[in-house]
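Enquirer: Have a look; sequence and predicted model below, questions after that.
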Amino acid sequence: MSMPRARDLGIPFEGETGTLNAITDIAGIEVGHTTLIEGQSVRTGVTIIHPRGKRDHDPVYAGHSAFNGNGEMTGAAWIDEGGLLEGPIGITTEF
């Protein structure tokens, strides 16, 4: 069973969704991911977002926010300093 999306609940947003209603609808973005499951205890994974594609590492404007105030955000100081991000974005968690 999937959770209802915000638009399905009548929450208004500006603009229209893309064809897939996904981050990959934005031209040039490339996304990859992997999940690692080992035994009964290891459940982890990573998602990598290349804002301009794998071959283009020109900086993009960036900002950051700590969702729950816990954990490390490597590179946050660079974003604070210059407002730009160079290279891919990695999102990971462990269970």
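Expert: Okay, I see it.
Enquirer: which residue sits closest to K54, ignoring its sequence neighbours?
Expert: Nearest residue to K54, sequence neighbours excluded (Cβ to Cβ, 6 or more residues apart in numbering): E30, at 5.5 Å. For the C-beta atoms, the positions are set from N, CA and C on the backbone; glycine is no exception.
Enquirer: what's R5 in contact with, if anything?
Expert: Shown in contact with R5 (Cβ atoms under 8 Å, 6 or more residues apart in numbering): N21.
Enquirer: thinking again about what came up before, quick check: phi and psi on the residue nearest to K54?
Expert: E30 has phi and psi values of phi -120, psi 140 when expressed as degrees, to the nearest 10.
Enquirer: residue contacts, it?
Expert: If you count contacts by Cβ under 8 Å, 6+ apart, then E30 has T24, I49, H50, G53, K54 around it.
Enquirer: by contact count, what packs against the lowest-mean-pLDDT helix or strand in the chain?
Expert: Lowest on mean pLDDT, DSSP states H and E among the helices and strands of the chain sits strand 89-94, with a mean of 79. Packing partners of strand 89-94 (3 or more Cβ pairs under 8 Å, 6 or more residues apart in numbering; DSSP states H and E): strand 42-50.
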